[in-house]
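> dropping a prediction and its sequence here:
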Amino acid sequence: MLSVRVPEVVPTLSDDVEIMLYRVLQESLTNAARYAAARKVDVELLVDAGHCMLRVCDDGIGFDLSAVRTHAQGVFGMRHRVEAREGQFSIESRAGFGTRVTAVVPATAGSNFSRPKAQ
C-alpha cells in the first residue's frame with residue numbers, strides 16, 4: 001500500500017529541485033520494493049519558508065546502516081543529489097523495523113538552508 005501526503009498548494013520549485021526530489025523518491029521506492037519486502041510505504045512532502053522536505057518511510061525488513069558500503073550507488077547517488085543542492089540527507093533504518101529516508105533542501109538553488117518544521 002502506498003500513502004502520499006502533499007500540501008494542497010505546492011509552490012513552483014526550480015527544475016533542478018524537482019528532478020532531485022523525483023530521483024530520491026524513485027530510488028527510495030525502488031529500494032522498498034526490491035530489497036525491503038515492504039507492505040506499506042508512506043511518502044510525505046512538506047514545504048515551509050522556501051524549503052522542501054521529502055520523507056519516505058517503509059515497513060520493510062530494514063537493514064544495518066553500518067553494513068552499507070559507503071559508495072553504494074543508490075544511497076551515494078541520493079546523498080550526492082541532495083547535498084549538491086545545499087540540503088541534508090539522512091537514512092534511518094534498523095533490521096526488522098523498516099527504513100526512513102529524509103531529504104531537506106532549499107526550494108531554489110542557492111538559498112540558505114533551514115529545516116522545515118514537521119507537522
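Yep, it's here.
> mind listing what residue 91 touches?
Applying C-beta atoms under 8 Å, 6 or more residues apart in numbering to residue 91 gives the contacts 65, 75, 99, 100, 101, 102. (Glycine included, C-beta is placed from N, CA and C.)
> what helix or strand is the fourth one on?
Pointing back at residue 100 there. strand 99-106 (DSSP states H and E).
> by mean pLDDT, which helix or strand of the protein comes out lowest?
Every helix and strand of the chain was ranked by mean pLDDT, DSSP states H and E. The lowest is helix 73-83, at a mean of 91.
> need the strands for this protein, in chain order.
Along the chain, the stretches classed as strands by DSSP state E are 2-5, 41-48, 51-58, 88-93, 99-106.
> now the last one: how far from the chain's centre is it?
In other words, strand 99-106. Strand 99-106 sits 4 Å away from the centroid of its parent chain (C-alpha atoms, centre = their mean, to the nearest Å).
> whichever of the contacts of residue 91 end up buried, select them in PyMOL.
To isolate the buried ones among the contacts of residue 91 in PyMOL, judged by 16 or more other C-beta atoms under 10 Å, type:
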select buried, resi 75+99+100+101+102
